[in-house]
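Colleague: Take a look and give me a structure for this.
(chains A and B, ligands or ions: 2)
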Amino acid sequence: MRRRLLIAVPYVWLLALFLIPFAVVFKISLSDIALAIPPYTPTAKDGIWNMLTGLDFENFVFLSEDDLYWKAYLSSLQIAFISTLLTLCVGYPMAYAMARAPEQWRPTLLMLVILPFWTSFLIRVYAWVGILSGEGFLNQFLLWIGVISTPLTILNTNTAVYIGIVYTYLPFMILPIYSALDRLDGSLIEAAEDLGCSRIKAFWLVTIPLSKNGIIAGCFLVFIPALGEFVIPSLLGGSGTLMIGKVLFEEFFSNRDWPVASAVAVILLLILIIPIVLFQRNEQRQAEAEK
Amino acid sequence: MAETVFAPWDDPEQKPLIRFRNVTKRFGDFTAIDDLTLDIFEQEFFALLGPSGCGKTTMMRMLAGFENPTSGAIELAGQDIAGIPPNKRAVNMMFQSYALFPHLSIWDNIAFGLRRESSDKAAIASRVEEMLKLTRLEKFARRKPHQISGGQRQRVALARSLAKAPKLLLLDEPLGALDAKLREATQFELMDIQEKTGTTFVIVTHDQEEAMTVASRVAVMDEGRVMQVATPQRIYEAPNSSYVADFIGDVTLIEGTARARAQAPEAPNTAVPQSSAPRGPSPNALGVWLHDKVLAPVIGTRTDTQLQLPPPDKSDTTLSVLSRDIPEGGIDIAWSDSQPPLIALDADAALDGAQVTLALRPEKVSISKTRPDGAVNALKGTVIDIAYLGNLSTYHVELAGGVMIKAQTANTRRVSRREITWEDEVWVSWSGTAGVVLST
Ligand SMILES: Nc1ncnc2c1ncn2[C@@H]1O[C@H](COP(=O)(O)OP(=O)(O)OP(=O)(O)O)[C@@H](O)[C@H]1O
Ligand SMILES: [Mg+2]
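Modeller: Ligands and ions are numbered 1, 2, ... in the order given. Next up is the predicted model:
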């Protein structure tokens, strides 16, 4: 009995925090916009039967017809993909250096990676506005050392979005890779070198394959939230930065079109299910390999 | 034609393959290898023996190129190898921890080194198959390392290091996890490979029997120093220190003071004591009267004849020997106040007066119920313990002073018929040349 209760806890959690909200959002996505509070119809006030018969897939049809939406999805996928790659390129060497650092330094390094979380995410992204803007620190510094003569336009471009995403999600990339590299037995590298590999070859043939699970986990942990990212593109991105998170926000708060916004969210979730399932499978395989 | 003995270490003309010259390795302020000088010759099967943590793995790691000596130089084929990276050395190492690649199958693990130097798929495949067959792993070729047993993993590691047929092969405890039968088979396999390919082997082992079986020479190490390097036979028969004697095989060590016996020692005093005149009670008149009147009815009449004990019986003496049987020379070792000195005939008389240790191998000590005739050294004691080893039995015999001596006999009879058992009074004896006298 107690065991069953214990097993039930995560399911209750999942039900309360994911499935029920999803059901609510899904229901709204099937409703119609209305000038009311809440701004959609039908609602439960109309009676269950009326509510259920009043639902339709109108909003999804609308999404497929207006190319703004699928362009936003594609552009989001592209931005999330590129920034995940960039985060990997920055994060892997950092994780590698941490795993190779002397034992007594590692806790400190680990803490430094997590340290940014102690400040509000919003404030940190705002700080980048100050760094990247025309008169920002970066331009001033570059002008001062004489690399450039006119300020660079970085803020309000996709570049700024990439910088913001890489900066924000870097710890999510570093931590799983670090944990994989930390477990890696140093004698395996030695064995590879002993059998005729150069340092670089040993890295490719042993270190990378053995940190593969960490890389995959890190990439999903960056890709999944980056895909629906709203704050970074709206603060750092320009008018040309099209991301589905931003579209979602506009639909909800500017247009007050909850049903369309919900439909956008449902499709986003459907797109995300694929990587989430892949991520789960990776975790499972990793757990099995460690047994 | 007489078969030439393989002994390049005795030939000053021979150039060693590996030469450690005053090599010291420190980790922080801990000295793992202490001023090591050692030559290993081509085609040798060189065994490193020593207690855990004495620096065996460190020595191998320096040869493989994973550690650099703190001072001193290591030469491989006459060339100083400091600074040459591991992948550029014609040396392969089998790791004590196996270091198998967990993401590769057994087959790919073995092929790993081969793929680095050749792209001939067919040649690689046939070599891998050969190695699999040698280590009897054919059935497991497709499995991953975590799907096989510890002993199988050890064989994979061995196969992987053998596959490239390197000039120098370093095996760090290659057979420890194998069962006795497989271990023996693999030992012979290793010797066979060595004979066929002429590879030089350096092998770490905790199994002395293994070292004795396979090695051309054995180095006994202690705390980063080499205590003795010699052929297995010499290490066993003529250890140069009590450390080596104690470390290799079973041994009884008896400490004492050496005394040269240039001539035969003075005959042990076995003569009948010659008192000037036999002395008996000589009562006065009153005494005689009292005896006759009071005691005579009870204990009988008095005589004046002297009763004497018979002279000591030769078979009952605890003295070591009868001098006439023993050749001259060697030393005596005085080791106990209550026991006769021990005699070592082949020891150097120059040790006179020095503190020495006599090392006695149990199989060179005989045990019997009666004092054996003509034994140079014979001591009486009690059987405290008997260790049954199947083909042999080792008797632990405690002497009068509390010293334990081990004696070994072959079990030619069934145990139930054994004539010596616990608590028996026995004699242990050994010849004048059975023990090794060690001055350190
Ligand atoms: N990287 C290192 N840092 C500090 N000390 C080390 C290091 N490597 C080895 N040592 C020390 O050097 C000594 C010798 O180690 P080594 O591994 O050579 O022992 P070993 O003879 O192979 O022992 P075993 O039979 O247990 O394998 C040990 O006391 C060990 O603690
Ligand atoms: Mg070792």
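Colleague: what residues are up against the residue in the stretch 1-150 of chain B that ligand 2 sits nearest to?
Modeller: With C-beta to the ion, the shortest gap between the stretch 1-150 of chain B and ligand 2 falls at B:Thr57, namely 3.1 Å. C-beta here means a position set from N, CA and C on the backbone, and glycine is covered the same way. Counting by C-beta atoms under 8 Å, 6 or more residues apart in numbering or on different chains, B:Thr57 touches B:96, B:172, B:204.
Colleague: Which strands border the helix or strand that contains B:Leu38, and is each parallel or antiparallel?
Modeller: For B:Leu38, the element it lies in under DSSP states H and E is strand B:30-40. Strand B:30-40 sits in its sheet next to strand B:18-27 (antiparallel), going by DSSP bridges.
Colleague: which of the residues in the partner strand are buried?
Modeller: Buried positions in strand B:18-27, judged by neighbour count with 16 or more other C-beta atoms under 10 Å in any protein chain shown: B:18-21, B:23, B:25.
Colleague: Is there contact, residue-wise, from that strand to ligand 1?
Modeller: Yes: Strand B:18-27 lies within reach of ligand 1 by C-beta under 6 Å from any ligand atom, at B:Phe27.
Colleague: number of nearby residues for B:Asp232?
Modeller: Residue B:232: Pro, not Asp. 20 (other C-beta atoms under 10 Å in any protein chain shown).
Colleague: picking that back up, quick check: mean pLDDT of the helix or strand hosting the residue of the stretch 1-150 of chain B closest to ligand 2?
Modeller: B:Thr57 belongs to helix B:56-64 when assigned by DSSP H and E. Helix B:56-64 shows a mean pLDDT of 94.
Colleague: Give the partner strands of the helix or strand following that helix in its sheet and their orientations.
Modeller: Using DSSP H and E, the helix or strand that follows helix B:56-64 in sequence is strand B:71-76. Applying DSSP bridges, strand B:71-76 is found paired with strand B:18-27 (antiparallel), strand B:79-80 (antiparallel).
Colleague: So which residues make contact with the shortest one?
Modeller: So the one you mean is strand B:79-80. By C-beta under 8 Å, 6+ apart, the surrounding residues in contact with strand B:79-80 are B:73-74.
Colleague: chain center to it: distance?
Modeller: Strand B:79-80 has its C-alpha centroid displaced from the chain centroid by 34 Å (C-alpha atoms, centre = their mean, to the nearest Å).
Colleague: Likewise for the first one?
Modeller: Relative to the chain's own centre, strand B:18-27 is displaced by 26 Å; criterion: C-alpha atoms, centre = their mean.
Colleague: neighbouring contacts of that strand?
Modeller: Residues contacting strand B:18-27 (C-beta under 8 Å, 6+ apart): B:31-40, B:55, B:58-59, B:62-63, B:67, B:69-76, B:168, B:200, B:202, B:224.
Colleague: Any quick PyMOL command for the buried ones out of the residues you listed?
Modeller: To isolate the buried members of these in PyMOL, using 16+ other C-beta under 10 Å:
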select buried, chain B and resi 31+32+33+34+36+38+39+40+55+58+59+62+63+67+69+72+74+75+76+168+200+202+224
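Colleague: Secondary structure class of residue 93, three-state.
Modeller: No chain in the question, so chain A it is. Classification of A:Pro93 using DSSP: H, G, I helix; E, B strand; the rest coil returns helix.
Colleague: That was the other one, I meant chain B.
Modeller: strand.
Colleague: Reformat the strands paired with strand B:71-76 as CSV; add mean pLDDT.
Modeller: Below are those laid out as CSV (pLDDT from 0 to 100):
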stretch, mean pLDDT
strand B:18-27, 94
strand B:79-80, 90
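Colleague: So what's the residue count around residue 219?
Modeller: In the absence of a named chain, this looks at chain A. By other C-beta under 10 Å, 24 other residues sit near A:Cys219.
Colleague: if you could check chain B rather than the one you did, that'd help
Modeller: Counted by other C-beta under 10 Å, the residues lying close to B:Ala219 total 23.
Colleague: In the chain, what helix or strand scores lowest on average pLDDT?
Modeller: No chain specified, so I'll use chain A. Here the helix or strand of chain A ranked lowest by mean pLDDT, DSSP states H and E is helix A:48-53, holding a mean of 81.
Colleague: actually chain B
Modeller: When each helix and strand of chain B is scored by mean pLDDT, DSSP H and E, helix B:296-299 comes last, with a mean of 76.
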